[in-house]
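> structure, please.
(one chain, ligands or ions: 1)
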Amino acid sequence: MVRAKTWILKKHFEGYPTHSNFELKTTELPALKNGELLLEALFLTVDPYMRVAAKKMKEGEKMMGQQVARVVESKNSAFPVGTTVVASSGWTTHCISDGTGLETLPAEWPDTLPLSLALGAVGMTGLTAYFGLLDICGVKGGETVMVNAAAGAVGAVVGQIAKLKGCTVVGAAGSDDKVAYIKKLGFDVAFNYKTIASLEETLKKASPDGYDCYFDNVGGEFSNVVIPQMKKFGRIAICGAISTYNSTRPLPPGPPAEIVIYQELRMEGFIVSRWQGAVRQKALKDLLTWVSEHSCRKTALTPKTGICTPEEEAQGISSQKMLLDTPIPTDSWTMRTSPQRVTDLYT
Ligand SMILES: NC(=O)c1ccc[n+]([C@@H]2O[C@H](COP(=O)([O-])OP(=O)(O)OC[C@H]3O[C@@H](n4cnc5c(N)ncnc54)[C@H](OP(=O)(O)O)[C@@H]3O)[C@@H](O)[C@H]2O)c1
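Predicted coordinates for the structure are as follows:
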C-alpha cells in the first residue's frame, strides 16, 4: 500500500500566503486498475503564478502544479515502469494516473542534463519565455527588448533567447547579485531596480531610442514607467504581474490610453498552455538544443532536497519559483538543505 503525502489549500490567501493556508494530508492509494500507473514525484515546482491561479481553487483541494515523476508501478503499456514524465499532479509525492496529460521527456534529452530542467528552462517557464517573446512580441533581430524579473525562471530565458535572435536586451532585477548573474548570461544592460535613483532615467539611458518589445513579468507601477518609452508599433507581452499578486489594496491604474494609441502599441496577455501539440514539441526541442549547447545557460534554481515547509511553499508562491527535490524518504517534511540560487550550472 502506497501512502501519498499531499499539500492541500486549506484556506484562500489574503495578502501573503502563510503557514495557515496549507495543510499536509496523508492518504493511502488503492491498488492499480488496468490502464493505470503509479507516479512518484522526483521534483516538484512552486511558482508565483499559483498565487493567482489558486483563487480559482476550492478550499480543501490539492495544490496545483507540475512535477517530474517516475513511473514506479504500471498497468498501462504506454508508460512502463521507469518512464520519466512531466505530470500536472500537484503537490503530492505519489498519485495514480491513467496516462492522460502525461508528457514524456524529449527522446534527445541528454543523460547529463538535470531532469529538474523539465520544470524550468526546458519546461513551463522556458516555454513561457519562448512563446511570449517569439509569438506574442514577435521579436526580430536588431530590436531592443526590456524584461523585468530578469533573473527569474522566465526572465532569464527571455533575455537569452533575445540574445540568440540578435537583439539588445535590457533587464531589471532586484539585487546586485542578480544583476551580475544576468550580465553573465549576456544581457547588454542590467540594473538593480531597487537601488537606482530613477527607473525612467535608467531606462532612457539604457536605450535612448526606446524599446521595441517589453516582456512584462511584474506589472503595476513598473509598467507605467516602461510603456511610455516604447517605440512606435512596440509590442508588449503581459506575462505576469508579480508586483500585484499579494496586494490587498486597489491596483494602480494602467498606462495612459493616449500613449498606447499614439505609439500604436500592441499589448497582449497570454497563458503558456495556449500552445499545445506540434508547436509546443518544437519549442521544447529548441529549448533543449539551446540549453544542451550552452547557448541558453539558465537553470532556475538548484533543487532543494526534501519537501519544503509551508513557509517556504508560501515564499515560492508569493515571490519566487522554487524546485523541490523529492521523493521524501522519511516522515520529516522539513527542508534538509537551504534553497540556493546558482549562477550558472553549465560553466
Ligand atoms: N503567463 C504565463 O503563462 C506564465 C507562466 C509562468 C510564469 N508567469 C509569470 O511570470 C512571472 C515570473 O515568473 P517566474 O516563474 O520567472 O518567477 P521567479 O523565477 O520566481 O521570479 C520571480 C521574481 O519576481 C521578482 N519579484 C517578486 N516580487 C516582486 C514584486 N513585488 N515586485 C517586483 N518584482 C518582484 C523577484 O525578482 P527580483 O528580486 O528581481 O525583484 C522574483 O525573484 C510571474 O509574474 C509569473 O506569474 C506567467
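> so where's the stretch 201-347 of the chain uncertain?
Residue ranges of the stretch 201-347 of the chain with pLDDT under 70: 294-347.
> closest point of it to the ligand, which residue?
When scored by Cβ to the nearest ligand atom, the stretch 201-347 of the chain has Gly240 as its residue closest to the ligand, at 1.9 Å. C-beta here means a position set from N, CA and C on the backbone, and glycine is covered the same way.
> over to Leu134: give its phi and psi.
Backbone torsions of Leu134, given as degrees, to the nearest 10, read phi -80, psi -40.
> residue contacts, the closest residue to it other than its chain neighbours?
Once flanking residues are discounted, Leu134 sits nearest to Ile161: 7.1 Å by Cβ to Cβ, 6 or more residues apart in numbering. Going by Cβ atoms under 8 Å, 6 or more residues apart in numbering, Ile161 touches Ala129, Tyr130, Leu133, Leu134, Trp290, Cys296.
> filter the residues you listed down to the ones in helices?
Among the contacts of Ile161, DSSP state H puts Ala129, Tyr130, Trp290 in helices.
> quick check: the gap between the first one and Val158.
Read that as Ala129. Distance, Ala129 to Val158, using Cβ to Cβ, to the nearest Å: 4 Å.
> what residues are shared contacts of the two?
Phe215.
> the two - which one has more neighbours?
Ranked by neighbour count (other Cβ atoms under 10 Å), Ala129 and Val158 place Val158 first, with 34 against 31.
> mind checking what secondary structure that one has?
Three-state assignment for Val158 (DSSP: H, G, I helix; E, B strand; the rest coil): helix.
> got the residues of the stretch 151-300 of the chain near the ligand?
By Cβ under 6 Å from any ligand atom, the residues of the stretch 151-300 of the chain that approach the ligand are 151-155, 173-175, 178, 217-218, 239-240, 242-243, 270-272.
> which residues touch the nearest residue to Lys33 once chain neighbours are set aside?
Take Lys33 and drop its neighbours on the chain: the residue closest to it by Cβ to Cβ, 6+ apart is Lys75, 6.8 Å away. Lys75 is in contact with Leu32, Lys33, Asn34, Gly35, Glu36, Leu37, counting by Cβ under 8 Å, 6+ apart.
> ok so, going back, just the buried ones among the contacts of Ile161, please.
The neighbour-count test (16 or more other Cβ atoms under 10 Å) applied to these identifies Ala129, Tyr130, Leu133, Leu134, Trp290, Cys296 as buried.
> out of the residues you listed, which comes closest to Glu23?
Ala129 (33.3 Å; Cβ to Cβ).
> would you mind pulling the contact partners of stretch 119-130?
43, 45, 47, 66-68, 86, 106, 109, 113, 117, 153-155, 157-158, 161, 215, 239, 272, 275, 280, 283-284, 286-288, 291, 296, 298-301, 321, 323.
> now do the end-to-end distance for it.
Stretch 119-130 has an end-to-end distance of 14 Å (criterion: Cα to Cα, to the nearest Å).
> the residue nearest the centre of the chain in helix, strand or coil?
What sits nearest the mean C-alpha location of the chain, by Cα atoms, centre = their mean, is Thr125, with 3.6 Å. With three-state DSSP as the basis, Thr125 sits in helix.
> and Glu36, what does it touch?
Applying Cβ under 8 Å, 6+ apart to Glu36 gives the contacts Lys75, Asn76, Ile96, Ser97, Asp98.
> which PyMOL command selects the buried ones in these?
Here is the PyMOL selection string for the buried members of these, based on 16+ other Cβ under 10 Å:
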select buried, resi 76+96+97
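> now render the contacts of Glu36 as CSV, adding secondary structure, pLDDT and distance to the ligand.
CSV is the format used below for the contacts of Glu36 (DSSP: H, G, I helix; E, B strand; the rest coil; pLDDT from 0 to 100; distance: Cβ to the nearest ligand atom, whole Å):
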residue, secondary structure, pLDDT, distance to the ligand
Lys75, coil, 98, 34
Asn76, coil, 98, 29
Ile96, strand, 98, 27
Ser97, strand, 98, 23
Asp98, coil, 98, 26
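> please, which helix or strand holds Met267?
strand 266-269 (DSSP states H and E).
> adjacent strands (with direction) for that strand?
According to DSSP bridges, strand 266-269 forms sheet pairs with strand 230-238 (parallel).
> using PDB, list the CA coordinates for the next helix or strand along the chain from the strand it pairs with.
Once the chain leaves strand 230-238, the next helix or strand it forms, by DSSP H and E, is helix 257-262. Backbone C-alpha positions of helix 257-262 (Å, rounded to 0.1, in the frame of the first residue of the first chain) are rendered in PDB as follows:
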ATOM      1  CA  ALA A 257      -4.500  55.200 -23.300                       C
ATOM      2  CA  GLU A 258      -3.100  58.100 -25.300                       C
ATOM      3  CA  ILE A 259       0.300  56.500 -25.200                       C
ATOM      4  CA  VAL A 260      -1.000  53.200 -26.300                       C
ATOM      5  CA  ILE A 261      -3.000  54.900 -29.100                       C
ATOM      6  CA  TYR A 262      -0.400  57.400 -30.400                       C
END
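> so what touches helix 257-262?
By Cβ under 8 Å, 6+ apart, helix 257-262 touches Ile227, Pro228, Met230, Leu265, Met267.
> and the third one, what does it touch?
The reference is to Met230. Gly210, Tyr211, Asp212, Tyr214, Ile236, Ile259, Gln263, Leu265 are the contacts of Met230 under Cβ under 8 Å, 6+ apart.
> at 7 Å instead, please
For Met230, the contact set (Cβ atoms under 7 Å, 6 or more residues apart in numbering) comprises Gly210, Tyr211, Tyr214, Ile236, Gln263, Leu265.
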